[in-house]
Structure formats: C-alpha cells, structure tokens
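In: what follows is a predicted structure for the sequence shown.
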Amino acid sequence: MKFRSFSYNLFHLFPTEFNTFLVDKQVKMGEDVLLQCEINTGKLNVIWEKNGHKLDRVEGKHNTRKTGTMIYLEIRNAEAGDEGHYTVIIENSSCRVSCNANVTVELNPWRTIQCSQDPMIGYLKTLRISREDVRDLRFLLHGPVGAGKSSIINTVKSIFEGFQFINCLAAPEVTKAFTVKFKKYSLGNVPFVMHDVRGLEDGDTKGVHTEDIINALKGHIADNYAFNPVDPIFTTSRYYIHNPTLNDRMHCLVSVIPADRISMMEDEVIQKMKEIKAAASKLGIPQVLFMTRVDQTCRLTQNDLGKIYQSKKIKDKMKECSNKLDVPLSCIFPVKNYSEETKFDEKLNCLMLEAFTQIVHSANDYVKRSNEENNMD
C-alpha cells in the first residue's frame, strides 16, 4: 500500500505536460505537412482531432506515430480539404491535456490581381462617362451596421486624394450606426460619387428603412436627408425629389458584408438586403458585393493581401455570401479598408481599386444603356 501511495504522489508532483507544442503551418498545394510536439512521458494514449472532431485518417494521406516522447502527424500532398484546426490530445486514466495548431493551404490562384496601383488610378482618372449629360457616376453603399460602408468611402477617397481621409465617420466593432443621414461623398478629381446610408438592422424600428434605400436608388432622396427607421421619406418632405433625372439616380448598388460576420447575420437583415436587390434588378441597376474585414477572417490574407485569391477561407466566405444573398461569385469582391494603418499599403490599394474599377464599368454600362434606351424612344 505504501508503494502505491508513493507512485500516486509522484504522479501529482510531476504531471503530464507538453515539452514542445504544435506550431501553425502554412503550405502550398501538393506540399507535405508535418505537425509534431513532445511530451514528458511516453506512456499515454494519443488522439488527433480536426476542427473539433476525431480525425478521419485516410490511408496514404495521414500518418500518425509516437516515437518515445515525440508525437507526429504527417499530411501528405496537401489539398484544400486539409486546411483546418488540428488538436492532439494525450490522455490516460488520470489526465487529459491537449495542444493545437492551424494548417493553412495556399490554393492555386483563382483570380489575378494587379500588383501596381498607378495604372489603375491613371485609368480611372482619365475615364470618360459614356453619356455627356451625366456629371458623375453614382454608387450607393448599403449593408448591416458595422459592415464597413463608411470605411470603404474613406479608403477610396484616400487612394484618389493621396492622403488618409477620415472625415466620414465609420462605425467600429459595435452595433450602433454612426451614419444617420443620406450623405454624398465626392472622390477628389474623378467623376465618381459614393453615397452612404444608415445601416440595416433587425426589426422594424431600427436601422434604415428599406423603402428609403429603394427611393434613393430611384433618385428621389436629396443629400442630408435624415433617416427615420419607422417611416420612409414622405413625398411632402423638402428632401424628396419628385422628378429625378439620370443624374439623381444611382448607377450601381454596392452591397457591403463583413466576411467575419456572415454566419451571424440576422435573417431579417438578409431578407431586407434581398428586397433591395430585387428592387435594383427591377430598375435595371447593376449590383456588386464588397466583402470587407477579410484580414479578420483569414490569417493567410492578414499576413499577405496579395494571396487573397489563394485563400480557402476567403473563397468559402465568398461562397457563403453568394448562397445567402443570391449574388454570383463573379460579382463578389473581397476588400480591406484602412483602419489602423498610418501609411499607404499598395496591396490594399490594388485590391480596392480592382473592386472599384468593376463598379465603375458596371455603372458606366448602365448609363450607356440608359442613353441607348432614350434614343430608341
């Protein structure tokens, strides 16, 4: 009995623990992955998990082994499905401890992105609107509170004006909307205007009213109109434009969704966005989706924006956006806004400019089609 008691006390004096831990791994498609760690004893059971579930080992793909106090997991010929959160658990009848690591797999690029901002800026600054009587191409941004609508305007203005622009208030990581009025923002010396609206919220008494966004698309709302969450603009309001021209109408609808919060979006907010999309479609107004906060979603992208189109997580989030809002993948553009940065980042600028160029082309085509329709009357 004394011997057994002594062994029990020794176990508690020297608990089972890791000497070294698993380390995050980032690999290219086709490369092998080796996860390894060391424990302070070899007499334990070892369990591997992936994304919270027991690892379904595939012959020829996974090789697990324990050599003395070293524990290994080898993943051969990495592919998209191998990306995930891996956990190793060591246990016996008296203890259970674990450590984990993330495996990131760089996919083959499914889109290209320009690596120089100057040609894109130069092109946009010299672009001519396809209809002479249209002064500016007008873009309406809408989406849930905190999605990054105002920050997109800040970022685009900063790129075109050459300095960090912060006049447009942006909602931080809270659920309170800062934008309460219909605001128009010019973008320096380019013929483009971006319009900001109050964010969409769950419920009938909060956020922007969907009819106000639809009225804005039609050109019925003047700048500085204060949104009323309960009632849309009245036709008797001094901010109501009764006979809007093409200059008053919106030329492209830009939906803004935060990549890291797609799964948490309320069904009612999604339904409101679908109603607005349906109205825009009926009006023939082109629609594009900007997916923000990509750096908060994917470590690969956080470390290098230039690899955004090699990220499985970003591609999965784009598919989730597409499924929830019925938007084609070709119309979804992942972007990052300036937030903490105090210096320009050319990769960030190029990513935003690629997306912005797309909405410019869409809006200009809409204006051209409006001109052709008028000529046919």
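Out: Cool, got the structure.

In: ok, Leu325 to Asp82 distance?
Out: 29 Å (Cβ to Cβ, to the nearest Å). (Each C-beta comes from the backbone N, C-alpha and C, glycine too.)

In: got it, and Lys43?
Out: In terms of Cβ to Cβ, Lys43 sits 30 Å off from Asp82.

In: higher neighbour count, these two?
Out: Asp82 (20 against 8; other Cβ atoms under 10 Å).

In: do I have it right that that one meets Val103?
Out: Yes. At 6.3 Å, Asp82 counts as touching Val103 under the criterion of Cβ atoms under 8 Å.

In: quick check: mean pLDDT across stretch 184-196?
Out: Across stretch 184-196, pLDDT averages out at 93.

In: list the contacts of the helix or strand Glu320 falls within.
Out: Using DSSP states H and E, Glu320 falls within helix 312-325. For helix 312-325, contacts defined as Cβ atoms under 8 Å, 6 or more residues apart in numbering pick out 80, 83, 104-105, 107, 110, 255, 257, 259, 262-263, 265, 270, 273-274, 277, 289, 291, 294, 297-298, 300-301, 308, 327-329, 332, 334.

In: for that helix, which positions count as buried?
Out: Residues 312-318, 320-322, 324-325 are the ones in helix 312-325 that count as buried (16 or more other Cβ atoms under 10 Å).

In: what residues go with each domain of this protein?
Out: 12-106, 117-376 (automatic domain parsing).

In: looking at these, which is buried most?
Out: Most buried of the domains of the chain by mean neighbour count (mean count of other Cβ atoms under 10 Å) is domain 117-376; its value is a mean of 18.

In: gap between that one and the chain center?
Out: Here domain 117-376 is found 13 Å from its chain centre; the criterion is Cα atoms, centre = their mean, to the nearest Å.

In: how about stretch 80-95?
Out: 29 Å.

In: the residue lying closest to Leu55 once chain neighbours are set aside sits in which helix or strand?
Out: Of all residues not flanking Leu55 in the chain, Trp48 sits nearest, at 4.2 Å (Cβ to Cβ, 6 or more residues apart in numbering). Following DSSP H and E, one finds Trp48 within strand 45-50.

In: so what does that strand touch, helix or strand wise?
Out: strand 62-67, strand 84-91 (3 or more Cβ pairs under 8 Å, 6 or more residues apart in numbering; DSSP states H and E).

In: distance of Lys324 from Lys277?
Out: Taken as Cβ to Cβ, the span from Lys324 to Lys277 is 11 Å.

In: quick one: the helices in this structure?
Out: 2-13, 117-126, 149-161, 210-218, 267-283, 299-303, 312-325, 346-376 (DSSP state H).

In: and Glu38, which of these is closest to it?
Out: With Cβ to Cβ, the closest approach to Glu38 among the helices of the chain belongs to helix 2-13: 19.2 Å.

In: contacts only, for Asp24.
Out: 101-104, 299.

In: how close does Val327 get to Glu320?
Out: From Val327 to Glu320 the distance is 11 Å (Cβ to Cβ).

In: and Ser94, by the same measure?
Out: When Ser94 is compared with Glu320 (using Cβ to Cβ), they lie 43 Å apart.

In: so where's the stretch 1-150 of the chain uncertain?
Out: 1-14 (pLDDT under 70).

In: could you do the stretch 151-300 of the chain as well?
Out: Using pLDDT under 70, the stretch 151-300 of the chain drops low at 165-178.

In: give the contact list for Met120.
Out: Applying Cβ under 8 Å, 6+ apart, the residues near Met120 are 114, 350, 353-354, 357.

In: er, Leu124 I mean
Out: Leu124 neighbours (Cβ under 8 Å, 6+ apart): 160, 190, 192, 353, 356-357, 360.

In: what's the distance between it and Ser255?
Out: Taking Cβ to Cβ, one finds Leu124 at 21 Å from Ser255.

In: try Glu38
Out: Counting by Cβ to Cβ - Glu38 and Ser255 are separated by 49 Å.

In: same deal with Val288?
Out: Taking Cβ to Cβ, one finds Val288 at 7 Å from Ser255.

In: circling back: now render the buried residues of helix 312-325 as CSV, adding distance to Glu340 and pLDDT.
Out: Below are the buried residues of helix 312-325 laid out as CSV (distance: Cβ to Cβ, whole Å; pLDDT from 0 to 100):
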residue, distance to Glu340, pLDDT
Lys312, 26, 94
Lys313, 21, 95
Ile314, 20, 96
Lys315, 26, 96
Asp316, 26, 95
Lys317, 21, 97
Met318, 24, 97
Glu320, 26, 97
Cys321, 25, 96
Ser322, 29, 97
Lys324, 29, 95
Leu325, 29, 95
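
In: nearest to Pro232, of those residues?
Out: Taking the buried residues of helix 312-325 together and measuring to Pro232 by Cβ to Cβ, the closest member is Leu325, at 22.1 Å.

In: how much space between the closest one and Gly68?
Out: 53 Å.

In: what's the answer for Glu340, then?
Out: 45 Å.

In: kindly report the same for Glu74.
Out: Glu74 sits 17 Å away from Gly68, going by Cβ to Cβ.

In: same check, this time on Arg96
Out: From Arg96 to Gly68 the distance is 21 Å (Cβ to Cβ).

In: show me what Phe333 is bridged to.
Out: Counting by DSSP bridges, Phe333 is bridged to Phe290.
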